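In: please find the sequence and the predicted model below.
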Amino acid sequence: MSRKLSSLSCHLKGLFYLSFLSMIALFLALPFWAKTSFAEFEQEVVVSGVIEIEAQNFRRKFNDPDMAEEKGNDLALATVEIGIDAKIHPSVQGHLLLLWEENESEDLQDLLDEGTITISNPEKCPYYLTAGKMYLPFGSFESGFVTDPLALELGEINETAVQLGYKTGIADLSFGLFNGDRDKVDEYDKIRSYFANLSMDYSYEPLSLNMGLSYLSNIADTDGLEGATIDPNTGEPMDITEYVQGLGVYVEATMGQIYLSGEYIGAIENFEPTLFGGRSCRPATINVEFGWDTPEKLFLGLKYEESSDMEIEGIDFNFAKRRYGAVMSYPILDAASLNLEYLIEKYNLVDSGKNNVLTAQLAIEF
């Protein structure tokens with residue numbers, strides 16, 4: 001690790017430990033934020049949900065000329081999501097999210113995707129505190145497409161954490177701590193991982209900008225890198241000698257009916273070769289999307305994605321080198337939409353190749 005990055009890491013770690021003292025002050029200040037007692041406040045509970053059904057047709061050509069072309073199709077209940085948000089006090093909110101995804105949610109314990117308590121009263125204080133199981137604010141992953149972007153596949157991270165934030169005007173700055181799954185040798189089961197995020201929303205008609213910068217102390221903790229850091233012989237997480245930090249940057253711009261976005265997620269340094277089958281690699285990906293909301297309510301979108309060091313033979317880490325395509329979305333009702341997506345994926349490995357995937361999706365929200 002370079003001296004500059006090591007110094008940055010030490011400074012950030014000091015800030016995060018200081019955040020614990022701030023949390024104590026936040027709890028002590030809670031009674032002064034709102035004079036309303038829990039008994040006097042009329043509690044509010046909101047239930048929401050998403051159901052997505054997908055039909056898919058694919059064709060796969062391999063780089064190995066001796067391997068025959070594959071074709072197939074499938075029909076799936078892709079996603080069922082139920083959210084419960086409860087406001088039990090002007091300064092206290094609870095949030096639960098149950099998520100089921102076909103071929104991914106195998107155990108009942110996997111259904112609980114989020115469960116958090118937030119202490120916040122923007123009218124009284126710009127600080128907020130969120131604690132519980134959550135998706136950490138590392139990256140944005142916003143997309144107009146049916147298929148998740150490669151940035152999400154690499155950078156999404158769901159952990160039990162404590163997040164302290166400051167939100168005022170157009171800016172939202174937050175820091176947090178959590179106990180990651182990938183530990184250094186002799187540093188097991190300790191709260192060593194941390195994150196930081198700065199997001200800004202700016203609007204000046206007809207332009208609207210949303211941009212952000214996020215940092216993760218150990219990018220090996222992300223859900224996408226778990227398979228790459230598992231020992232193929234034992235099935236257990238592999239020890240690491242140095243944490244590799246992660247960086248996320250995104251910009252989303254809307255002007256009238258035109259939408260343009262770009263996002264980068266990647267490691268700041270190279271991983272040690274022992275984690276990736278003997279290769280020293282630095283996983284990263286970029287996603288660029290363009291969208292147009294036509295006067296007929298039809299949304300048309302284009303995208304291009306590219307990755308580096310995210311396709312490694314012999315381990316569970318095989319994502320497309322390049323992906324591009326188009327999407328059409330039409331709201332058949334206020335809370336229901338029909339989406340049609342066509343993607344082309346290109347891989348470099350011999351046992352991979354080129355995928356052409358057509359996906360139709362019917363989705364409702366409530």
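Out: Yep, that arrived. Residues are numbered from 1 along each chain as shown.
In: ok, the most centrally placed residue in the chain to F138 distance?
Out: In the chain, the centroid-proximal residue (C-alpha atoms, centre = their mean) is E156; its distance is 3.4 Å. Using C-beta to C-beta, to the nearest Å, we find E156 at a distance of 8 Å from F138. Where you see a C-beta, it was placed from the backbone N, CA and C, and this is true even at glycine.
In: and whichever strand or helix holds N287, what does it pack against?
Out: Following DSSP states H and E, one finds N287 within strand 284-293. Of the remaining helices and strands, those touching strand 284-293 by 3 or more C-beta pairs under 8 Å, 6 or more residues apart in numbering; DSSP states H and E are helix 150-155, strand 258-267, strand 299-308.
In: a markdown table for those, including mean pLDDT and distance to S208?
Out: Converted to a markdown table, the helices and strands packed on strand 284-293 look like this (pLDDT from 0 to 100; distance: least, C-beta to C-beta, whole Å):
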| stretch | mean pLDDT | distance to S208 |
| --- | --- | --- |
| helix 150-155 | 95 | 21 |
| strand 258-267 | 97 | 9 |
| strand 299-308 | 96 | 16 |
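In: for G165, which of the ones you listed is the nearest?
Out: Closest to G165 of the helices and strands packed on strand 284-293 is helix 150-155 (C-beta to C-beta; 19.4 Å).
In: and the helix or strand just after that closest one, what's buried?
Out: Past helix 150-155, further along toward the C-terminus, the next helix or strand under DSSP H and E is strand 158-168. Going by neighbour count (16 or more other C-beta atoms under 10 Å), the buried part of strand 158-168 is 159, 161-165.
In: check stretch 294-306 too.
Out: If you call a residue buried by 16+ other C-beta under 10 Å, then stretch 294-306 has these buried ones: 299, 301, 303, 305-306.
In: which stretches of this protein form helices?
Out: Under the criterion DSSP state H, helices of the chain are mapped to 3-33, 150-155.
In: which one of those helices has the lowest average pLDDT?
Out: For the helices of the chain, the bottom mean pLDDT is recorded on helix 3-33, which sits at a mean of 56.
In: what is the burial count for E252?
Out: Summarising burial for E252: neighbours were counted as other C-beta atoms under 10 Å, giving 18.
In: how about the contacts made by it?
Out: For E252, the residues meeting the contact criterion (C-beta atoms under 8 Å, 6 or more residues apart in numbering) are 140, 142, 209-211, 259-261.
In: can you check T116 too?
Out: For T116, the contact set (C-beta under 8 Å, 6+ apart) comprises 94-95, 130-134.
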